[in-house]
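Asks: Need coordinates for the following:
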Amino acid sequence: MGEAKLKASATAKFIARYPRCAICGGQRLSTTREHMPPIALFDNSYRPDKLVMPACHDCNHGTSKADLTASMVSRWNYYSPQQERQDHSHLAKQVRRRAPELIDEWTSLDESERGKAIGHLRIHGVAVPDDAGLATIGKHTIKQLNIFAHKATLCLYFERFKTPLPNTGLVSAHWRSKEDFAQHGVPPIFFELFPEYGTLVQGKWNAAETFEYRYAFNEADGLFGCLARFRTSLFVTGFAMADSSRVREKLGDDWIRPIQLLGDNPHFARKQ
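Replies: Numbers count the residues shown, from 1 in each chain. Below is the predicted model:
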């Protein structure tokens, strides 16, 4: 049996075991396997075959731009190794083809604005080299990273419970860049809130340098929270609850039901 047939067979068995999409709350039937983090986030698109979730066609394709955005942003470093630069260049070509509005946004700084941005970053404890390349994170990037943050939380919820977060529940997620933590580091409260640890391990292969997360969950009540690091430049914090009937009116407007991920969510236009 060829490699393609083996993959198709493995996917079919996986879908048979998990017939409902992990991202839209099981609203639609799963048709494929979804990787979280996405394959493109890893060096040379090579990752352990772990943290795989069932996904429907709409969620798989509807979040692909968000995956691509996160794979790019997570590589934004001032001193990048060669493989990271090569991957970034390859991904940038995909972005130019599939989401040119992101390229326009990232490259919108003129020299005067660039100088002000470097000064602002240095004031806030970020050691920016004089010749550093800077990108603007505007409305298009913010929206895609918000989609990615919520998707990541839904996928990690599935990993812990082996069932989708139902649409009786809610999810809220936030993202931060390395610059947000440059001055004081990751707040210690997160390590207290999320005592459990996870990453991708396959045999002797440990992918913690590229991706790791901390989490806490209550299986009886379907509660979940996490803090995830994607490479060195992107962090996601997320919370999910399976039953929101008792607390919905007490929550803010930045919680959504899984089925709303690809909908019109006004708060996705701003950084949470």
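Asks: any residues touching the helix or strand containing residue 120, and which ones?
Replies: Element membership for residue 120 (DSSP states H and E) is helix 111-123. Residues from elsewhere that reach helix 111-123 (CB atoms under 8 Å, 6 or more residues apart in numbering): 109, 128, 130, 132, 134, 179, 182. Glycine gets a C-beta too; all of them are placed from N, C-alpha and C.
Asks: for stretch 193-207, same thing?
Replies: Outside of stretch 193-207, the residues within contact range by CB under 8 Å, 6+ apart are 42, 47-51, 156, 159, 208, 210-217, 225-227.
Asks: Need the distance between the two termini of it.
Replies: This stretch, stretch 193-207, spans 23 Å end to end (CA to CA, to the nearest Å).
Asks: now the strands: where do they sit in the stretch 1-150 of the chain?
Replies: Here the stretch 1-150 of the chain has its strands, by DSSP state E, counting those that start in this stretch, at 32-35, 52-55.
Asks: Against which helices or strands is the last one packed?
Replies: It refers to strand 52-55. On a contact count with 3 or more CB pairs under 8 Å, 6 or more residues apart in numbering; DSSP states H and E, strand 52-55 meets helix 3-17, strand 32-35, helix 139-161.
Asks: mean confidence for the second one?
Replies: Put plainly, it is strand 32-35. For strand 32-35, mean pLDDT rounds to 95.
Asks: repeat for the longest one
Replies: Mean pLDDT, taken over the full extent of helix 139-161, equals 97.
Asks: Could you export that helix as PDB, CA atoms only?
Replies: Output in PDB follows, covering the C-alpha atoms of helix 139-161 (Å, rounded to 0.1, in the frame of the first residue of the first chain):
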ATOM      1  CA  LYS A 139      -6.900  45.000  11.700                       C
ATOM      2  CA  HIS A 140      -6.400  42.200   9.200                       C
ATOM      3  CA  THR A 141      -3.600  40.500  11.300                       C
ATOM      4  CA  ILE A 142      -5.500  41.100  14.500                       C
ATOM      5  CA  LYS A 143      -8.600  39.400  13.100                       C
ATOM      6  CA  GLN A 144      -6.700  36.300  11.900                       C
ATOM      7  CA  LEU A 145      -4.800  36.000  15.200                       C
ATOM      8  CA  ASN A 146      -8.000  36.200  17.100                       C
ATOM      9  CA  ILE A 147      -9.500  33.400  15.000                       C
ATOM     10  CA  PHE A 148      -6.300  31.400  15.500                       C
ATOM     11  CA  ALA A 149      -6.300  31.900  19.300                       C
ATOM     12  CA  HIS A 150      -9.900  30.600  19.600                       C
ATOM     13  CA  LYS A 151      -9.200  27.700  17.300                       C
ATOM     14  CA  ALA A 152      -6.200  26.700  19.300                       C
ATOM     15  CA  THR A 153      -8.200  26.800  22.500                       C
ATOM     16  CA  LEU A 154     -11.000  24.700  21.000                       C
ATOM     17  CA  CYS A 155      -8.400  22.200  19.700                       C
ATOM     18  CA  LEU A 156      -6.600  21.900  23.000                       C
ATOM     19  CA  TYR A 157     -10.000  21.500  24.700                       C
ATOM     20  CA  PHE A 158     -10.600  18.500  22.400                       C
ATOM     21  CA  GLU A 159      -7.200  17.100  23.200                       C
ATOM     22  CA  ARG A 160      -8.100  17.000  26.900                       C
ATOM     23  CA  PHE A 161     -11.700  15.800  26.700                       C
END
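Asks: For that helix, name the packing helices and strands.
Replies: With contacts defined as 3+ CB pairs under 8 Å, 6+ apart, the packing partners of helix 139-161 are strand 52-55, helix 64-73, helix 100-106, strand 170-177, strand 211-218, strand 223-230, strand 234-241.
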